[in-house]
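> could you work out the structure for the sequence below:
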Amino acid sequence: MSLSKEIAKSLYEIKAIQIKPDRSFTWTSGIKSPIYCDNRLTMSFPDVRDKIADGFIELINNLDEKPDVIAGCATAGIPHAAWVAQKLDLPMVYVRSKPKAHGKGNQIEGTLLEGQKVVVIEDLISTGGSSINSALALREAGAEVLGVLAIFSYGILQAKANFENHQLPMETISNFDTLLKELVEVNQITNAEEADLLEWRNGLFASFSK
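Just a heads-up that it's a prediction; the model follows:
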């Protein structure tokens, strides 16, 4: 079993990802969704979070350039960035969604030197907004961002377009398509439900483009 498939299976088994083909989940945007993803639950499962860290390291090892620093997106990307940085014996920073309103007003916490190469770690890519903002903050601070890596992606076309617009490489350990294939294989959903779920996902581009 590929690591992508193994992670998708693990996320489903620990209920970090839940599927309801009737689309009874509601996202903050108001979109009715058949999938709910909360990768923060992985913190409570040492074997799963360790496999995720190994997945991130595999993606990092495939990069043309190697990072000097691992950066976590606040908040769900922070623990995964810490575990990856520990395994690679690299410094780590994390990036807030916006600068602090008090103290030194930091948006980036930790030591980051101008010109250092950075990989950004995120838990989930939907449209990519939060991780792109983190990457841009790192660029503004003088870092060279090698790319954004995440545990899981819905595969929404708008996300691909957003990362390309900012010339940011993006890779994920697993994704929506891999998850659905696994669920069909273990008879959790039917082939017809898989097709319907893919049609829902592919239709999201119009929703996010408005």
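> what segments of this protein are helices?
Using DSSP state H, the helices found in the chain span residues 3-13, 46-61, 77-88, 129-140, 157-165, 176-185, 191-202, 204-209.
> out of the ones you listed, point me to the one whose mean pLDDT is lowest.
Looking at these, the lowest mean pLDDT belongs to helix 204-209 (a mean of 60).
> that older thread, quick one: which of the helices of the chain is nearest G105?
Nearest to G105 among those is helix 129-140; the distance by C-beta to C-beta comes to 12.5 Å. The way it works is simple: take the backbone N, C-alpha and C, and place the C-beta from them, glycine included.
> taking helix 77-88 as reference, get the angle to the closest one.
Note on geometry: by axes from the mean of the first three to the mean of the last three C-alpha atoms, to 10 degrees, helix 129-140 and helix 77-88 are set 60 degrees apart in direction.
> need the contact list for the closest residue to E193 other than its chain neighbours.
Closest residue to E193 apart from its sequence neighbours, by C-beta to C-beta, 6 or more residues apart in numbering: P21 at 4.7 Å. Contact analysis of P21 by C-beta atoms under 8 Å, 6 or more residues apart in numbering lists 34, 189, 193, 196-197.
> run a quick neighbour tally on L124.
22 (other C-beta atoms under 10 Å).
> return the distance of D38 relative to P91.
28 Å (C-beta to C-beta, to the nearest Å).
> I'd say V148 and T172 touch.
No - with contact defined as C-beta atoms under 8 Å, V148 does not reach T172; the gap is 9.1 Å.
> quickly list what's touching both of those two.
Common neighbours of V148 and T172 (C-beta under 8 Å, 6+ apart) are I125.
> show me how to select, in ChimeraX, the buried members of the contacts of P21.
Burial among the contacts of P21 is assessed by 16 or more other C-beta atoms under 10 Å; the matching ChimeraX selection reads:
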select :34,189,193,197
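> in CSV: the contacts of P21, plus distance to E6.
Below are the contacts of P21 laid out as CSV (distance: C-beta to C-beta, whole Å):
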residue, distance to E6
P34, 22
I189, 18
E193, 22
D196, 25
L197, 20
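> show me which of the contacts of P21 is closest to T127.
P34 (17.4 Å).
> now that closest one. Nearest residue, chain neighbours left out?
P34 sits nearest to R23 (C-beta to C-beta, 6+ apart), 4.6 Å away.
> what residues does stretch 83-90 touch?
Contacts of stretch 83-90 (C-beta under 8 Å, 6+ apart): 49-50, 52-54, 56-57, 60, 67-70, 91-92, 121.
> actually, stretch 93-106.
With C-beta under 8 Å, 6+ apart as the contact definition, stretch 93-106 has outside contacts at 69-74, 77-78, 81, 107-112, 118, 120, 130, 133-134, 137-138.
> R201 versus the residue nearest to P34, what's the distance?
11 Å.
> higher neighbour count, the two?
Legend: neighbour count by other C-beta under 10 Å for R23 and R201, higher for R201 (19 against 14).
> surely the more buried one is in contact with G155?
Yes - R201 lies in contact with G155 (C-beta under 8 Å); the separation is 6.2 Å.
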